[in-house]
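K.L.:
Okay, here's the prediction I keep looking at, along with the sequence it came from:
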Amino acid sequence: MRGARVTGVRRAAARLAGPLLVLLLQSCARAPAPVHFYPQGRPEHLSDWHVVFRSGDRLALNERVVPYDLNTPLFSDYAHKLRTLWLPAGTAAQYVPDATFEFPVGTVITKTFFYPKAAGSAQSVARTYDASHDFAGTGLDLSQVRLIETRVLVRREKGWEALPYVWNAAQTDAELARTGDEVPLELVAGDGARERFTYVVPNQNQCAGCHVADLKTKAIAPIGPKARHLNRDYPYPQGAQNELAYLVKVGYLTGLPPLEQVPRNANWRDESQSLEARARAYLDVNCGHCHNPKGPADTTALTFDVGTPIDRHIGLCKPPVAAGRGTGDHLFDIVPGHPEDSILPFRMASREPGVMMPEQGRGTVHREGLELVRDWIASMPGECGA
C-alpha cells in the first residue's frame with residue numbers, strides 16, 4: 001500500500017510538473033531579449049531590434065529604453081507618436097545648446113506613429129489631441145490605438161541611418177519597408193466629421209532626406225533630440241520629471257548646464273504663452289530642419305530656426321526665389337498683417353504636390369497649425385513696399 005501511495009504521489013507530481021513547466025517556459029518567452037544594436041545591415045523586422053515589443057495587449061519598452069516627447073512636435077497627419085531612446089551601456093550623449101546632441105555609436109532612436117481608434121470601419125482613426133491612451137511609462141494599450149509605422153534611426157560608425165518599418169494588420173510586428181508604403185485611413189473628428197486620406201510611409205531615401213543636417217556632406221541627424229525641444233516635463237512611472245534632467249539621471253546625457261540656462265521652445269498649443277513664441281516653435285520643428293543654411297531648402301533664402309530674426313530671413317516682405325504655382329500669385333512670403341496675401345500660409349493650406357509645404361510627411365492640412373501661423377502673421381505690424 002505504501003508503495004502504491006508513493007507511486008500515486010509521483011504520478012500526481014508529474015501531472016503538475018507538465019503545466020508548471022509550460023508556465024515557466026511561457027514566462028521566459030515573454031521576457032524580451034536585450035536591445036540589439038546592428039552595426040551594419042537592415043534587419044527585416046522591428047522585433048529584431050528588441051526596442052519596443054508587443055507584450056499581451058500592450059506595446060512595451062525594453063529595459064533601459066527611455067521614452068521622451070517634444071515641447072512642440074512635428075505634424076504628421078494628426079498621428080500620435082511614441083519616441084524612444086536607447087544607448088549602449090557605459091555611453092552617453094554630449095549636450096549641445098543649439099543643435100542635435102552628439103550621440104555615441106550604437107544609439108538607437110525609434111518613433112512609433114499611431115492613432116487612437118474611432119468608431120467606424122477598420123480604417124477609422126481619431127483626429128484628436130487627447131493623449132490619455134498615449135504612453136506614460138506603462139505601454140500603449142493596443143485595444144485603444146492602431147499602430148501604423150515605427151521609424152528607426154541608428155548611429156553607426158559612418159553616421160546615422162534611417163529605417164522605416166510598417167506594422168502588420170495583426171499588430172504583432174512591423175516589417176522593413178525600404179520603398180515606403182501607403183495606408184488608407186479615415187480621420188474622425190470629435191464632432192463626427194470624417195476625412196479620408198492616404199497615410200504615406202516615406203521610403204528610406206525620403207526618411208534620410210528630411211534628416212539631412214548638412215546638404216554638402218549628406219550627413220543626417222535626428223531632429224527632435226535638441227535641448228530646446230526636450231526641456232520639458234514627462235510623466236514617467238515614478239512621477240513627472242524634466243526630460244533633460246532625467247537623461248542625466250539615467251546616465252544618457254552629460255554636460256547639461258543648470259536648467260535655467262537651457263533654451264526652451266514654446267508648446268504651440270499652450271495659449272498662456274505668446275502667439276509669437278508658439279508660432280516660431282511650430283515653424284522651427286516643422287520647417288527648420290530643411291529651411292536653414294545647411295539644409296535641403298538652403299536655396300530658398302528662408303530660415304525658420306527659432307533663433308532667426310523676424311526679418312527677410314524668415315520671409316518678412318521677402319519675394320520668393322522662384323515664381324510659379326507655389327506662390328499662389330502672392331508677392332511675398334510673409335506680408336505683415338495680411339496672411340491672406342502671404343505665400344507661407346498659402347502653401348501650408350495646400351495639398352497639391354509642388355505647392356504644399358512641407359513637401360512630404362503629410363496628406364492632410366493641419367488646421368490648427370495653419371490657424372496659428374495665420375494669427376501670428378495677422379498680428380504683425382508694418383507693411384511691405386511695392
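P.N.:
Okay, I see it. Given the structure is predicted, the values throughout are model-derived calculations rather than measurements.
K.L.:
just checking, next helix/strand downstream of the lengthiest strand in the chain?
P.N.:
The longest strand of the chain (DSSP state E) is strand 145-156. Scanning forward in sequence from strand 145-156 by DSSP states H and E, the next helix or strand is strand 159-167.
K.L.:
Downstream of that following strand, the next helix or strand is which one?
P.N.:
Elements were assigned by DSSP H and E; along the chain past strand 159-167, the next helix or strand is strand 174-176.
K.L.:
thinking again about what came up before, adjacent strands (with direction) for the longest strand of the chain?
P.N.:
If you go by DSSP bridges, strand 145-156 pairs up with strand 108-116 (antiparallel), strand 159-167 (antiparallel).
K.L.:
Tell me, how many residues neighbour residue 321?
P.N.:
Look at residue 321: counted by other C-beta atoms under 10 Å, it has 11 neighbours. From N, CA and C alone the C-beta is placed, and that goes for glycine too.
K.L.:
Look up the pLDDT of it for me, please.
P.N.:
Note on residue 321: pLDDT of 84.
K.L.:
Over to residue 76?
P.N.:
Residue 76 is assigned a predicted lDDT (pLDDT) of 96.
K.L.:
any chance you could read off phi and psi for the residue found closest to it once you drop the neighbours it is linked to in the chain?
P.N.:
Closest residue to residue 76 apart from its sequence neighbours, by C-beta to C-beta, 6 or more residues apart in numbering: residue 361 at 5.8 Å. Main-chain torsions, residue 361, degrees, to the nearest 10: phi 100, psi 0.
K.L.:
after the helix or strand of the chain with the lowest mean pLDDT, next one along is what?
P.N.:
Within the chain, confidence by mean pLDDT, DSSP states H and E is lowest for helix 2-30 among all helices and strands, at a mean of 39. With elements assigned by DSSP H and E, the helix or strand that comes after helix 2-30 is strand 52-55.
K.L.:
Show residues contacting the following helix or strand past that following strand.
P.N.:
Next in sequence after strand 52-55, counting helices and strands by DSSP H and E, comes strand 58-61. Contacts of strand 58-61 with the rest of the structure, by C-beta atoms under 8 Å, 6 or more residues apart in numbering, involve 32, 51-54, 67, 82, 84, 112, 135, 138-142, 147.
K.L.:
Can you give the strand pairings for the helix or strand that comes right after strand 58-61, parallel or anti for each?
P.N.:
Downstream of strand 58-61, the next assigned helix or strand under DSSP H and E is strand 66-68. With DSSP bridges as the test, strand 66-68 is paired with strand 80-86 (antiparallel).
K.L.:
got the buried residues for the partner strand?
P.N.:
Buried residues in strand 80-86, counted by 16 or more other C-beta atoms under 10 Å: 80, 81, 82, 83, 84, 85, 86.
K.L.:
Now find how far off-centre it is within its chain.
P.N.:
Remark: strand 80-86 is offset 7 Å from the chain centroid, using C-alpha atoms, centre = their mean, to the nearest Å.
K.L.:
So which elements touch the next helix or strand after it?
P.N.:
On the C-terminal side of strand 80-86, the nearest following helix or strand under DSSP H and E is strand 93-94. Contacts defined by 3 or more C-beta pairs under 8 Å, 6 or more residues apart in numbering; DSSP states H and E place strand 93-94 against strand 253-254.
K.L.:
Packing partners of the strand it packs on?
P.N.:
By 3+ C-beta pairs under 8 Å, 6+ apart, strand 253-254 packs against strand 93-94, helix 243-249.
K.L.:
Please identify the most buried of these.
P.N.:
Most buried of the helices and strands packed on strand 253-254, by mean neighbour count (mean count of other C-beta atoms under 10 Å): helix 243-249, with a mean of 19.
K.L.:
all strands of the stretch 201-350 of the chain, in order?
P.N.:
Remark: strands assigned in the stretch 201-350 of the chain by DSSP state E, counting those that start in this stretch are 212-214, 219-220, 233-236, 239-242, 253-254.
K.L.:
ok, now which ones touch the residue nearest to residue 76?
P.N.:
74, 75, 76, 202, 210.
K.L.:
Report pLDDT for it.
P.N.:
Looking at residue 361, its pLDDT stands at 76.
K.L.:
Sketch out the low-pLDDT regions of the stretch 201-350 of the chain for me.
P.N.:
Along the stretch 201-350 of the chain, segments meeting pLDDT under 70 span 206-218, 298, 323.
K.L.:
all helices in it, in order from the N-terminus.
P.N.:
204-210, 227-230, 243-249, 275-287, 343-348 (DSSP state H, counting those that start in this stretch).
K.L.:
So which of the helices and strands packed on strand 253-254 is nearest residue 373?
P.N.:
When these are compared by C-beta to C-beta, helix 243-249 sits nearest residue 373, at 26.3 Å.
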